[in-house]
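Novice: Give me the fold of what follows.
(one chain, ligands or ions: 1)
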Amino acid sequence: MASYLHALTYGDDVFGLPSKLISSLSRHQNMDSFAPLAIRAIALGAILTVLKRFIKYGQSKINRILFPTAYIAVNDPAFHWITSWIAQDPYAQSQIHDFQLSTTESRSLRKKNNQGVLTVGDTKTKGTIGEHNASWKMNEIIGQILPTYQHSIRIKHDGNYLWVTRRITGFAGVRQIDHFRVRTIAFRPQVLRQFLVAARNAFFAKEERELLIFHAKRIQSTWQVPVSRPARPWSSVILPGDLKDEVLKDIEKFLSDKETHWYASRGIPHRRGYLFHGAPGSGKTTLVTAIASKLALDIYVINPAQRGMDDAKMSKLFRDCPARSVILIEDIDCIFPRGRGNRIQSDDQGDNGDDGAWEDGDGMAENNESVISNMMSLGGKHNLAPSTVTMSGLLNAIDGVSSQEGCILIATTNHPNRLDPALSRAGRFDIRLEFTWAIPSQAKALYLHFYPLDEFQPFPNTSPPDDGREDTKTSEKLFGQSEVVISNQKELDNLADAFVEGIFNLSGCKSLALNSSANDNSQTPASPTHPKLSMASLQSYLLQHKEDPISASEVVKEWIKQESNANVSHHSTNVGEIKWGLRGRQVEDDDYTLTSNQKVRSVCKSQGKVKLKKAEQEGSGEKKAQNAAAAVGDIAEIENLVES
Ligand SMILES: Nc1ncnc2c1ncn2[C@@H]1O[C@H](COP(=O)(O)OP(=O)(O)OP(=O)(O)O)[C@@H](O)[C@H]1O
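Specialist: Okay, here's the model as predicted:
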């Protein structure tokens, strides 16, 4: 026994100690000799554990020094920069054998050109994947080919190698979340940062920035992969006076560093709430997208009535909105209608939660969420509980301690009077903007926006050269040119004026001439049957005549009559009730006044002249002469009408 103990004590076979201990015990069952043995074993175990930890610590230290690592969670915008990079990088693509495919249908505008050839117009896509970040395009399908989980992809950037792995294990050593781990072999962590900057720049390197719109996931309290939309051009939003510029200026100022500092130094929460209210289809949502496009902000759409939503989830969603973003709550009056107390109006038809102007994102990162959603949709949408958001929950989320600062909160409503007074309290939606039915200056601007002069300018010379050879320049110009010809801006302006007259004065040119002193700001409508039209309805009318400004102008009266007869316009306010303004300021529509006799005559004459020009260009021989004579007759007739 003694020799055995000696062997144990001085022998170097420490890992055989436990088995030796057991065999020693079983043979001798001597507790005197067991105690020191056990103490030694425990001490040895402790030393081994410490050693192991030490090695692990050293290893992670070395790893950190040698391999700077970035972890990017799925709900972070940078996640999309990286997927886009991988999808676009041929070197990365060459390493992908098993892959994840994420596709989207392109919304190609198939249209016929003048020569009857079918062409594919601008490809607008639904979802995050656009032409700019796709790795796979076939027919009208656009997709991204991405590596599977745990598969490391090597990327070369600026002379450095980086390894990108998509994982769903511990995120940054803390919790489990779908993320990218980006590693590099370099002593400088700047390599990672430079790569992220490059990925971001590549993502946004487009002629026109796309707008990213985020929706809440239905199950988890996080944001979905954003839907990408073409940016809304600022000029395409038509509001009276300088209203939109004022809003823009206000938001720009709010987001400036100076303002941020000002709020911080005074301890005032840096947030701003806007309420866009008024007629349906008057441009409330459009203005939100245009502002976001102009200032390169992302939009986070919150729908408190979305199924599965509760106070905690909503509060987290607010918190997770990054600074310098727009948080949008649409139709806020429908969520907590006045008089319904704290009870939320559950979004039954809107189980998708993102109905209306917005669509669900369907990006590749939806993985678990989309699988669960699909399973649920098989079983029926009502598997998700109705929203339990309370008014106090919403108010807390808006201005509670946890709410995100530096964000623009915009709510829209068609019925501001139905809003719960708590929502209207100072500090929540301080700036209120009223949107009314279309007024003449807007109608005219919309018309001119629809028909830019250069698309209707006559060709310099459409006849082929004498030698019979085809004039290639002319034929190039013919391609995509409109058949309607407008010679100059004045003519176009006159058509626009006639269009406006047609809408806002039903009796046509004759009575218009009599009423020429009337103007937009009159408190009484120009006619008892005066239409109260939204910009959306004017837009859909012009869309019916999108290639023919002349007929848009000519038949508008017919359309207005039909609209009035069908009583389509069920609007309750008068066009005379023009109350615009930021913070209640009245903005008059003084940039447009109804036309004088002379102007009307020139409108009508101009229409006749355009007809004449058209007649001269069309047909040949006798037919041409007939058309021209008819047009001249039209001019005379119109002139007589005006004179009388
Ligand atoms: N002021 C405007 N300028 C340009 N286009 C407009 C304007 N108002 C509406 N439109 C057009 O009409 C359509 C609907 O507009 P939008 O969704 O912004 O209206 P809304 O006021 O938000 O309506 P709702 O209250 O019903 O949600 C859009 O396609 C937009 O292009």
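
Novice: Which single residue of the chain ends up nearest the ligand?
Specialist: Closest residue of the chain to the ligand, Cβ to the nearest ligand atom: Gly283 (2.8 Å). C-beta here means a position set from N, CA and C on the backbone, and glycine is covered the same way.

Novice: and that residue, how many neighbours?
Specialist: Other residues within reach of Gly283, judged by other Cβ atoms under 10 Å, total 23.

Novice: That one: what's it in contact with?
Specialist: By Cβ atoms under 8 Å, 6 or more residues apart in numbering, Gly283 lies in contact with 237-239, 435, 535.

Novice: Pipe the residues you listed into JSON lines and attach secondary structure and pLDDT per row.
Specialist: What follows is the contacts of Gly283, written out as JSON lines (DSSP: H, G, I helix; E, B strand; the rest coil; pLDDT from 0 to 100):
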{"residue": "Val237", "secondary structure": "coil", "pLDDT": "94"}
{"residue": "Ile238", "secondary structure": "coil", "pLDDT": "94"}
{"residue": "Leu239", "secondary structure": "coil", "pLDDT": "94"}
{"residue": "Phe435", "secondary structure": "strand", "pLDDT": "93"}
{"residue": "Met535", "secondary structure": "helix", "pLDDT": "93"}
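
Novice: Got a PyMOL select line for the buried ones in those residues?
Specialist: Those of the contacts of Gly283 that count as buried under 16 or more other Cβ atoms under 10 Å are selected in PyMOL with:
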select buried, resi 237+238+239+435+535
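
Novice: same for the ligand: which of the contacts of Gly283 are within range?
Specialist: Checking the contacts of Gly283 against the ligand by Cβ under 6 Å from any ligand atom, the ones in range are 237-239, 435, 535.

Novice: Endpoint to endpoint, stretch 232-239 covers what distance?
Specialist: End-to-end distance for stretch 232-239: 15 Å, by Cα to Cα, to the nearest Å.

Novice: mind checking which helix or strand of the protein has the lowest mean pLDDT?
Specialist: strand 118-125 (a mean of 34; mean pLDDT, DSSP states H and E).

Novice: for the residue lying closest to Gln95 once chain neighbours are set aside, what are its contacts?
Specialist: When the adjacent residues along the chain are set aside, Gln95 lies closest to Ile153, with 5.4 Å between them (Cβ to Cβ, 6 or more residues apart in numbering). When contacts are counted by Cβ under 8 Å, 6+ apart, Ile153 touches 86, 92, 95-96, 147, 163-165.

Novice: Which members of the residues you listed are classed as buried?
Specialist: Buried members of those, scored by 16+ other Cβ under 10 Å, are 86, 92, 96, 147, 164-165.

Novice: Among those, which one lies nearest to Leu196?
Specialist: Minimum distance to Leu196 across those is 11.2 Å, recorded for Val164 (Cβ to Cβ).

Novice: Show the average pLDDT along the host helix or strand of that closest one.
Specialist: Here Val164 sits within strand 160-167, counting by DSSP states H and E. Summarised as a single mean, pLDDT over strand 160-167 is 90.

Novice: quick one: the nearest residue to Met314 once chain neighbours are set aside from Lys313, how far?
Specialist: Closest residue to Met314 apart from its sequence neighbours, by Cβ to Cβ, 6+ apart: Ala397 at 5.1 Å. As judged by Cβ to Cβ, to the nearest Å, Ala397 and Lys313 stand 10 Å apart.
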